[in-house]
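Trainee: Any chance you could fold what I've pasted below:
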Amino acid sequence: MKRMEKMKKILASPYFIAGLFALKMMVYYSLIKVNRMEIVLILISLVVWGGIFIGFSKSGLKRKRGIFLTVYLLLSLLMFADTMYYNYYNQTVSIRQLWQAKSVTAVPKSFIATLIPASFLLFVDIPFAYYSFKKINDKYKKHNFHLRKEIKYSASVLIAIVITLAVNPFHSAAVERVNNTEFFTNHVSDIYQTIAENIAPEEMKEEEILEVLQEVAPESMGPYLHGVGKGKNLIVIQLEAFQNFVIGRRYNGQEITPNINRLLNRDTLYFDNYYSNIGKGNTVDAEFSSMNSLYPVIEGEAYRLYETNTYHGLPWLLREQGYYAFAVHGYKGEFWNREKAYPYQGFQDYISMEDLNQDEIIGMGISDKSMFRQLVPILKAQEKPFFSFVITLTNHHPFVLDEQYKTLQLAEEEKGTKLGDYLQTVRYTDEAIGQLIEELKAAGLYENTVIALYGDHHGLNCGMEDVREDMTRFLGRNYDYDEMLKIPLIIHIPGSGVKETIHTTGGQIDFMPTIANIMGISYDKTFALGQDLTNAKEGFVAFTSYLFDGSFVKDDVMFEISRERIFEGSRAWRIGTGEELDAALYREEYEKALLYKKTSKEIMQKDLIAEYIKRDPIEISNSESK
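Mentor: Got it, this is the predicted structure:
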C-alpha cells in the first residue's frame, strides 16, 4: 500500500513529468538523427512541453483533461510522422506536404515498410502523462490555487519566445540551426514561412529569369548526334526505382540486368553519371522534370500545383512534328492527378490500369510484362509517328514478388532483405524490357523506334541503416547519396551505329534537351533549365528532396547543404571515392543551385511560358485523357 502511494506521488511529481518529456525528446531526436546540440534542443523542447502541461493544468478551461489529451496525442502523432518521413526523405514533415496523405494511403505496403518500430515509443508516455496531468490538476483544485493571471502571462511569454525563434527576425545562424531541428520551432517556423511565401513571396523580375535561361542556353545545344533519331518513333520508359549500380553488375555470377546490358553493346548511348532530381512527388516529379526540363518544387507535385499552366515540353514539341503523344501506366489513372494534368502536358491520350486487361497483378498494379505485352498492339495500330511515354511499376517499394517470378538465385543471407528483394524485382523489370524488344521486332516496329530508358528515383535509401550496411558490403564502398541518387539513362537508336558511354554529369532536368537533340527537334522557344548532355562539357544538377535546397552535383563533386540548411557545416566529397573536400570552396555553386531552383519555381508560379506560347484551348480539349 505504501509502495502504491509512493508511486502515485512520483507520478504526480513535476520531476517525473520533466524526465518523461526529456525521454520522449531523446527518442525523437535519436530517430531523426540529430547529434549536434541535442542537449540544447531537448532543453528547449522540455521548456515548451512543460509550458503546455502547466498551462493546461492551471487554466480555467472546461474539459481541459480531454483537451490536454487531444493536444498531447496530436503532437505525439506529429512526432511519429516526422520520424517516418525522415526515415524515407531525410527530412521532417512540412505543412506543405499535407497533400501527400492521400498518395501515401494509396500505397499501404510501401507505407508500412518504412515504419520504424522504435517510433512507437513516442506513444508509450501518453497514459502516464495523462495520469500525471489529472493528479496535478486535482492538486491545484484542492489547494485552490488562483494563478490564472500568472499562467496567462507565462504562456504569453513562452509563445512569444517560440514565435520569435521561428521567425528569426535577425537572421541568426545559431537560431536557424535550432529552427530546423528543434521540434516545436521547426514546425512553427515551417508554418510561418509557408504563410509568408503565400502572402508576400520574393519574386524575380522576368528579365532576371530570362537571364538565367540564357546562362544555360549556350551549353544546351550542339551539333554532335543532332537528328540521329529524326523521324523515328519514340518510346520513353520511366523505370520505377531503378538505380544505376545494377547496370552491368553481377550477383554471384548472374547478370542482374542481362537484357539492358545487351542494349549497351550496340546502337546505344549510356549516360553513367545521371541523377534523379525529384521533389516529394517522387515518380511524377521525375516525369515532370524529364518532359519539361524544369525543376520540381518542394511544396508538392507540379501536376497538382500547376496543373493548368502552359507547358512546352517534349510531348508538345513532338506533336508539332506530327507525332501522336500518349502515356501508359499500369496503375490508377487518377493517381498523382495524372488524368487531369496530362492534357496540359501535351499528351493526347492516357492509357491507365482501367483501360488495360488486368490479367497479371504484381504489387500495386499490372505487371510490367503484361503492360508491355498489351502496349505493342497499341503501338502497331498507330497511323503516324508516335511518342509513347511508359511508366513501369513492378519494381516499386517494398519490392514484393511471388516466388514464381523470381529468377535470381540469392544467397541465404540476402533472402528477405531489402537488397535481395530489390534485386529480384529489378531482374523482373529487365526481363520485361527484353520481352518488349522482342515483341517490337516481331511487330516490325523495332528498327524505326528510338527507345529511351531512365530511372525515376532510388529504391534503396542510404538513410536506412540496414540498407546502408547491406549496400556498402555489396558495392565494396560506402553507400552514400552519390550512389543512391544515381540512375541510368540509356538511349537506344537501332541502326545508328552509335555506341558510347557519356560520362558528363546530368540529371532528369537534362533529359528533354538531350532527347530533343537526338530526335532533331529545336526547343528554342522552350524554357529549359537543363542541357543537351551529348554536347555539354560540364554537368550540374540541383537537388530538391533527400538533400535540402542548395545541394548539388557538379561533375565529380557532390555537395550536401547542412542539416540545419545553412551553408556553414555543409559537406562536399568526391564521387566514387568518398574523399572529403572543403565545402567552403563551393559557395558559388551552392548559390547557383538555389538560383536555378528559384527560377524554375518562378516560371511555374507566373505561368511564364503562357506569355510566349499561345495555344488554342481546343488543342488541350482534344486530348483524349479521361
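Trainee: What strand or helix carries Pro315?
Mentor: If you go by DSSP states H and E, Pro315 is part of helix 314-319.
Trainee: could you point out which element follows that helix?
Mentor: In the C-terminal direction, the helix or strand that comes right after helix 314-319 (DSSP H and E) is strand 324-329.
Trainee: Go through that following strand and flag the buried ones.
Mentor: Across strand 324-329, burial judged by 16 or more other CB atoms under 10 Å covers 324-329. From N, CA and C alone the C-beta is placed, and that goes for glycine too.
Trainee: Mind picking the two most distant members of the residues you listed?
Mentor: Greatest spatial distance in those: Tyr324 and His329, 17.3 Å, computed using CB to CB.
Trainee: what ranges do the strands span in the stretch 51-200 of the chain?
Mentor: In the stretch 51-200 of the chain, no segments count as strands under DSSP state E, counting those that start in this stretch.
Trainee: give me the low-pLDDT residue ranges for it?
Mentor: In the predicted model of the stretch 51-200 of the chain, residues 51-64, 97-114, 136-175, 200 satisfy pLDDT under 70.
Trainee: how about the helices in it?
Mentor: With helices called from DSSP state H, counting those that start in this stretch, the stretch 51-200 of the chain shows them at 64-89, 101-105, 108-113, 126-142, 148-167, 173-179, 183-199.
Trainee: now swap in the stretch 451-600 of the chain and tell me
Mentor: Here the stretch 451-600 of the chain has its helices, by DSSP H, counting those that start in this stretch, at 465-475, 481-484, 511-518, 587-605.
Trainee: Ok, which of those comes nearest Asn448?
Mentor: In terms of CB to CB, the element of these nearest to Asn448 is helix 511-518, at 14.3 Å.
Trainee: And the contacts of that closest one?
Mentor: With contact meaning CB atoms under 8 Å, 6 or more residues apart in numbering, helix 511-518 is reached by 220-222, 225-229, 234, 236, 269, 271, 289-293, 313-314, 317, 450, 452, 454, 489, 491, 493, 506, 522-523, 526, 528, 530-535.
Trainee: Out of the residues you listed, which sit inside strands?
Mentor: 234, 236, 269, 271, 450, 452, 454, 489, 491, 506 (DSSP state E).
Trainee: Would you mind pulling up the elements that the helix holding Pro315 packs against?
Mentor: helix 283-292, strand 324-329, strand 386-391, helix 511-518 (3 or more CB pairs under 8 Å, 6 or more residues apart in numbering; DSSP states H and E).
Trainee: about what we covered before: who wins for neighbours among the ones in strands among the contacts of helix 511-518?
Mentor: Most neighbours among these, by other CB atoms under 10 Å: Ile491, with 29 neighbours.
Trainee: so what's that one up against?
Mentor: Contact analysis of Ile491 by CB under 8 Å, 6+ apart lists 268-269, 271, 450-453, 514-515, 518.
Trainee: Tell me the spatial nearest neighbour of Pro223, not counting adjacent residues.
Mentor: Closest residue in space to Pro223, ignoring its immediate chain neighbours: Asn535 at 7.3 Å, by CB to CB, 6 or more residues apart in numbering.
Trainee: Show the pLDDT at the one you found.
Mentor: Per-residue pLDDT puts Asn535 at 94.
Trainee: can I assume it is in contact with Ile502?
Mentor: No: Asn535 is beyond contact range of Ile502, at 10.0 Å (criterion: CB atoms under 8 Å).
Trainee: what does the average pLDDT come to for the helix holding Pro315?
Mentor: Taken as a whole, helix 314-319 has a mean pLDDT of 97.
Trainee: could you flag which of the contacts of helix 511-518 are buried?
Mentor: For the contacts of helix 511-518, buried by 16+ other CB under 10 Å: 220-221, 225-226, 228-229, 234, 236, 269, 271, 289-293, 313-314, 317, 450, 452, 454, 489, 491, 493, 506, 523, 526, 528, 530-535.
Trainee: The helix or strand Leu419 falls within to helix 465-475, inter-axis angle?
Mentor: Under the criterion of DSSP H and E, Leu419 resides in helix 418-442. Per axes from the mean of the first three to the mean of the last three CA atoms, to 10 degrees, the angle that helix 418-442 makes with helix 465-475 is 60 degrees.
Trainee: so how far is helix 418-442 off the chain centroid?
Mentor: 24 Å (CA atoms, centre = their mean, to the nearest Å).
Trainee: same deal with stretch 201-216?
Mentor: That offset, for stretch 201-216, works out to 25 Å (CA atoms, centre = their mean).
Trainee: So what touches it?
Mentor: Contacts of stretch 201-216 (CB under 8 Å, 6+ apart): 527-531, 595-596, 598-599, 602-603, 605-606, 608.
Trainee: Identify the residue spatially nearest to Ile490, adjacent ones excluded.
Mentor: Leaving aside its sequence neighbours, Ile490 sits nearest to Leu453 (CB to CB, 6+ apart; 4.7 Å).
Trainee: In contact with that neighbour, which residues?
Mentor: 236-237, 239, 260, 433, 488-492.
Trainee: neighbour-wise, which of these leads?
Mentor: Neighbour count (other CB under 10 Å) singles out Ile491 as the most crowded of the contacts of Leu453, with 29 neighbours.
Trainee: From Tyr303, how far off is that residue?
Mentor: Separation of Ile491 from Tyr303 (CB to CB, to the nearest Å): 25 Å.
Trainee: In contact with Tyr89, which residues are there?
Mentor: Contacts for Tyr89 were tallied using CB under 8 Å, 6+ apart; they are 280, 545-546.
Trainee: Just to check, Lys369 is in contact with Ala432?
Mentor: Yes: assessed by CB under 8 Å, Lys369 is found in contact with Ala432 at 4.5 Å.
Trainee: who has more neighbours, those two?
Mentor: Shown here are Lys369 and Ala432; by other CB under 10 Å, Ala432 has more neighbours (23 against 20).
Trainee: Count the neighbours of the closest residue to that one other than its chain neighbours for me.
Mentor: Closest residue in space to Ala432, ignoring its immediate chain neighbours: Asp368 at 3.7 Å, by CB to CB, 6+ apart. Neighbour count of Asp368, defined by other CB under 10 Å: 29.
Trainee: Local confidence estimate at Asp368?
Mentor: 98.
Trainee: please begin residue numbering at 32 from this point
Mentor: In the new count, where the first residue is 32, that last one comes out as Asp399.
Trainee: Assess the claim that Tyr282 and Leu439 are in contact.
Mentor: Yes: shown here, Tyr282 and Leu439 form a contact pair, counting by CB under 8 Å, at 6.3 Å.
Trainee: hey, where'd the helices end up in the stretch 232-381 of the chain?
Mentor: Ranges of helices in the stretch 232-381 of the chain, per DSSP H, counting those that start in this stretch, are 237-247, 289-294, 314-323, 333-336, 345-350, 369-376.
Trainee: picking up where we left off before, what's the closest of the ones in strands among the contacts of helix 542-549 to Thr339?
Mentor: Of all the ones in strands among the contacts of helix 542-549, Thr339 sits closest to Val267, with 23.5 Å by CB to CB.
Trainee: who touches that closest one in this structure?
Mentor: Going by CB under 8 Å, 6+ apart, Val267 touches 321, 345, 418-421, 483-485, 546.
Trainee: and if you look at Ala614?
Mentor: By CB under 8 Å, 6+ apart, the contact set of Ala614 is 590, 598, 601-603.
Trainee: Check the gap between it and Ile329 for me.
Mentor: As judged by CB to CB, Ala614 and Ile329 stand 22 Å apart.
Trainee: repeat for Trp347
Mentor: Distance, Trp347 to Ile329, using CB to CB: 26 Å.
Trainee: more neighbours, the two?
Mentor: The neighbour count for Trp347 versus Ile329, taken as other CB under 10 Å, is higher for Trp347 (23 against 19).
Trainee: where's that one relative to Gln376, distance?
Mentor: Distance of Trp347 to Gln376, computed by CB to CB: 8 Å.
Trainee: pLDDT of the helix holding Leu450, averaged?
Mentor: So the average pLDDT for helix 449-473 ends up being 98.
Trainee: helices or strands up against it?
Mentor: So helix 449-473, by 3+ CB pairs under 8 Å, 6+ apart, packs with helix 289-294, helix 399-411, strand 480-486, helix 496-506.
Trainee: Out of the ones you listed, the one nearest Gln455 is which?
Mentor: helix 399-411 (13.1 Å).
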